[in-house]
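K.L.:
sequence first, then the predicted structure:
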Number of protein chains: 2
Amino acid sequence: MFANQLALDATTAQRLIGLALTPVPDVALHAAMLHAVQGGKGLRAFLVLEGARLHDVADRAGHAAAAIEAIHAYSLVHDDLPAMDDDDLRRGQPTVHRQWDEATAILAGDALQSLAFELVCAPASGVVDAARVDLALTLAQAAGASGMVLGQALDIAAETGPALTLDQITRLQAGKTGALITWAACAGPRIAQADVAPLRAYGDALGLAFQIADDILDETGDADAVGKAVGKDRSAGKATFVSLLGLDGAKRRAADLVELACDALVPYGDRAATLKDAARFVIARDK
Amino acid sequence: MFANQLALDATTAQRLIGLALTPVPDVALHAAMLHAVQGGKGLRAFLVLEGARLHDVADRAGHAAAAIEAIHAYSLVHDDLPAMDDDDLRRGQPTVHRQWDEATAILAGDALQSLAFELVCAPASGVVDAARVDLALTLAQAAGASGMVLGQALDIAAETGPALTLDQITRLQAGKTGALITWAACAGPRIAQADVAPLRAYGDALGLAFQIADDILDETGDADAVGKAVGKDRSAGKATFVSLLGLDGAKRRAADLVELACDALVPYGDRAATLKDAARFVIARDK
């Protein structure tokens, strides 16, 4: 049920991104942007659309789902650059700067970020003005210098500084991965102009569980299944949830967070079953 | 008159950007972002605020002025990267990747783009929802894959392809510099929910004149006065308005465009005198 929905929602987001792009001859930009958004799990698009289903606004949430996938894809393209994580492989495919070149990767990432704001602001989404401006404002906050980019900057600073404490790494990850996941979970109630509190609590717990699961995969996963290099954090001597809590401790903490995420969904009753499945999947996944 | 206003408006924009940033210890990100927005001419902020004055909404235009300076600064930080134009000097100061490092420059640019959308969407701007979402949507279109980033991608593709024709270089520059200048000119009527046509015509002509003047400066300017390297296009064998039209031809074309820009302001009568001064300054400047 959840896996089928995830695939459908990822396709919806990718299709809308494709429709929003007009390729120009002799310029790799648009092909690189499409390459960057393809092959992802689509978890963030699913969270947007499932949150929207709970508020009966799924028919108006496609643009927000596409927007969060565009932001996520931009962040991966820039993170993979030689000056950042220097990765050759992403989602089982060459990274954008390997498939094309660094300049194209910088520009494709930049344009994917702009595209995300174009998508959430699009009149075609059918979302009222107040909700569109709310989506755009909160997306900018989640993505920028007090959200995702701050998390990435803290991560880079940690490479040369003293090893991080659990509090510091929790804060880092709240920015680096958590802010976008929480935004995705809250987009539905924002579109419906409803209370975001239950889905914010769900998103915050899920985002942290997701990152702990990522650290566990980096320690125990198989590069072919994961679709990117593994073991990088350990070989770089970076503090992770696994190095700080131990493998079993990290697994327990992730499971506790999934319970917390599910508890936050109580106001939605049985309708939230698919979001609960998603939370359990996040710590059971092998990629 | 115009020069004083330009300096005041640049200060307004920089102050708002500073207020929007909360520095975090041990992370260079926020200092790099502030470095990137300082020292600019502030032409785009001036265009926003002057267009707003014509529509009696200048008290609500500060956030849009700050936003366009943030987008412009982000584009310069990324353009200066080694994988792009590889410049060491910008506005007479070291470029961000020279002052800090490439990763910080990539992230500071990314976060400045997010900040721009945060600024135009900010409730504190006092702009109504419909106008804020209009500002954000049109800014995303101007900045992204069919605007500024497309122009930059075309510029890079031109380095290895056949020399560009006048039509091609005009289209390239309409994206690379024109789209943001036109957005800046139109922000005032957008905030006032008024007709953007006169200021769009002004901005389109001004943007092209500005780029021709830039090509002339690259050919004839002094690096100390300009604040960045000059003569790069000629030594790279790139087609410019000067190589295609000749120096005198380029100067005549820029002057014609300034007349066109001033003609577009007729509906505003004498109130548009400062915008006319600005257009004349653009082709008379030495930096």
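P.N.:
Alright, I've got the coordinates. Residues are numbered from 1 along each chain as shown, chains lettered A, B, ... in the order given.
K.L.:
buried stuff in stretch A:245-259?
P.N.:
Buried positions in stretch A:245-259, judged by neighbour count with 16 or more other Cβ atoms under 10 Å in any protein chain shown: A:245, A:250, A:251, A:253, A:254, A:257, A:258. C-beta coordinates here come from the backbone N, C-alpha and C atoms, glycine included.
K.L.:
which one of those sits closest to chain B?
P.N.:
Nearest to chain B, judged by Cβ to the nearest Cβ, of those is residue A:245 at 23.5 Å.
K.L.:
how about that closest one, nearest residue that isn't a chain neighbour?
P.N.:
Among residues not flanking residue A:245 along the chain, residue A:253 sits closest, at 5.9 Å (Cβ to Cβ, 6 or more residues apart in numbering or on different chains).
K.L.:
ok, that neighbour - contacts?
P.N.:
A:212, A:241, A:245 (Cβ atoms under 8 Å, 6 or more residues apart in numbering or on different chains).
K.L.:
just those: which are in strands?
P.N.:
Secondary structure from DSSP state E places none of these in strands.
K.L.:
my guess is residue A:119 meets residue A:70, correct?
P.N.:
Yes. Between residue A:119 and residue A:70 there is a contact under Cβ atoms under 8 Å: 6.6 Å.
K.L.:
tell me, what's touching the two both at once?
P.N.:
Residues within reach of residue A:119 and of residue A:70 at once, by Cβ under 8 Å, 6+ apart, are residue A:17.
K.L.:
tell me where chain A has strands.
P.N.:
A:89-90, A:93-94.
K.L.:
among these, which comes closest to residue B:74?
P.N.:
Among the strands of chain A, the nearest to residue B:74 by Cβ to Cβ is strand A:89-90 (23.5 Å).
K.L.:
same question for the closest one, mean pLDDT?
P.N.:
Mean pLDDT, computed over strand A:89-90, is 92.
K.L.:
how far does that strand sit from its chain's centre?
P.N.:
The chain centroid and the centroid of strand A:89-90 are separated by 16 Å under Cα atoms, centre = their mean, to the nearest Å.
K.L.:
sheet-wise, list the partners of it with their directions.
P.N.:
Using DSSP bridges, strand A:89-90 pairs in its sheet with strand A:93-94 (antiparallel).
K.L.:
and the strand it pairs with, how far from the chain's centre?
P.N.:
That offset, for strand A:93-94, works out to 19 Å (Cα atoms, centre = their mean).
K.L.:
again, but for stretch A:256-276
P.N.:
19 Å.
K.L.:
go on, stretch A:19-32?
P.N.:
The answer for stretch A:19-32 is 24 Å, by Cα atoms, centre = their mean.
K.L.:
my read: residue A:134 touches residue A:189, true?
P.N.:
No. The pair residue A:134 / residue A:189 is not scored as a contact, 10.2 Å apart, by Cβ under 8 Å.
K.L.:
so for the two, which sits in the more crowded spot?
P.N.:
residue A:134 (24 against 21; other Cβ atoms under 10 Å in any protein chain shown).
K.L.:
list the contacts for that one?
P.N.:
Each residue near residue A:134 by Cβ under 8 Å, 6+ apart is listed here: A:190, A:193.
K.L.:
can you tell me how far it sits from residue B:190?
P.N.:
Remark: distance between residue A:134 and residue B:190 (Cβ to Cβ, to the nearest Å) = 19 Å.
K.L.:
repeat that for residue A:131.
P.N.:
Distance from residue A:131 to residue B:190, by Cβ to Cβ: 19 Å.
K.L.:
which one's more surrounded, the two?
P.N.:
Remark: of residue A:131 and residue B:190, residue B:190 carries more neighbours, 28 against 23, as counted by other Cβ under 10 Å.
K.L.:
contact partners for that one?
P.N.:
Neighbour list for residue B:190: B:131, B:134, B:135, B:138, B:196 [criterion: Cβ under 8 Å, 6+ apart].
K.L.:
and of those, the nearest to residue B:49?
P.N.:
Of all the contacts of residue B:190, the one with the least separation from residue B:49 (Cβ to Cβ) is residue B:135, at 13.9 Å.
K.L.:
spatially nearest residue to that closest one, not counting backbone neighbours?
P.N.:
residue B:120 (4.4 Å).
K.L.:
how many residues are close by that neighbour?
P.N.:
Residue B:120 has 35 nearby residues by other Cβ under 10 Å.
K.L.:
which residues touch the residue in the stretch 151-287 of chain A that chain B sits nearest to?
P.N.:
Residue nearest to chain B within the stretch 151-287 of chain A (Cβ to the nearest Cβ): residue A:153, separated by 4.2 Å. Listed by Cβ under 8 Å, 6+ apart, the contact set of residue A:153 reads B:24, B:27, B:28, B:29, B:104, B:107.
K.L.:
what's the closest non-adjacent residue to it?
P.N.:
Nearest non-adjacent residue to residue A:153, counting by Cβ to Cβ, 6+ apart: residue B:29, 4.2 Å away.
K.L.:
please name the residues that touch the one you found.
P.N.:
Contact criterion Cβ under 8 Å, 6+ apart gives A:145, A:149, A:150, A:153, B:104, B:107, B:108, B:111 as the residues in contact with residue B:29.
K.L.:
one more time with 6 Å
P.N.:
Contact partners of residue B:29, counting by Cβ atoms under 6 Å, 6 or more residues apart in numbering or on different chains, are A:153, B:107, B:108.
K.L.:
re earlier: using a markdown table, lay out the contacts of residue B:190 together with distance to residue B:37 and pLDDT.
P.N.:
Formatted as a markdown table, these follow (distance: Cβ to Cβ, whole Å; pLDDT from 0 to 100):
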| residue | distance to residue B:37 | pLDDT |
| --- | --- | --- |
| B:131 | 24 | 98 |
| B:134 | 24 | 98 |
| B:135 | 19 | 98 |
| B:138 | 21 | 98 |
| B:196 | 26 | 98 |
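K.L.:
my read: residue A:46 touches residue A:6, true?
P.N.:
Yes. With contact defined as Cβ atoms under 6 Å, residue A:46 reaches residue A:6; the gap is 4.8 Å.
K.L.:
between those two, who's got more neighbours?
P.N.:
The neighbour comparison of residue A:46 against residue A:6 (other Cβ under 10 Å) goes to residue A:46, with 26 against 22.
K.L.:
how far away is the more buried one from residue A:134?
P.N.:
For residue A:46, the distance to residue A:134 equals 21 Å [Cβ to Cβ].
K.L.:
and for residue A:246?
P.N.:
Counting by Cβ to Cβ, the gap from residue A:246 to residue A:134 is 41 Å.
K.L.:
quick check: mean pLDDT of stretch A:167-179?
P.N.:
Averaged across stretch A:167-179, the pLDDT comes to 93.
K.L.:
for it, buried residues please.
P.N.:
A:168, A:169, A:170, A:171, A:172, A:173, A:174, A:175, A:176, A:177, A:178, A:179.
K.L.:
and chain B, is it touching that?
P.N.:
No. Contact between stretch A:167-179 and chain B is absent, the nearest approach being 9.6 Å (criterion: Cβ under 6 Å from any Cβ of the partner chain).
K.L.:
first to last residue in that stretch, what's the distance?
P.N.:
16 Å (Cα to Cα, to the nearest Å).
K.L.:
show me how far it is from its chain's centre.
P.N.:
Between the centre of stretch A:167-179 and the centre of its chain there are 13 Å (Cα atoms, centre = their mean).
K.L.:
on that earlier part again, pLDDT wise, what is the residue of the stretch 151-287 of chain A closest to chain B at?
P.N.:
pLDDT recorded at residue A:153 is 95.
K.L.:
with residue A:206 instead?
P.N.:
The model's pLDDT for residue A:206 equals 97.
K.L.:
find the nearest non-adjacent residue to it, please.
P.N.:
Of all residues not flanking residue A:206 in the chain, residue A:261 sits nearest, at 4.7 Å (Cβ to Cβ, 6+ apart).
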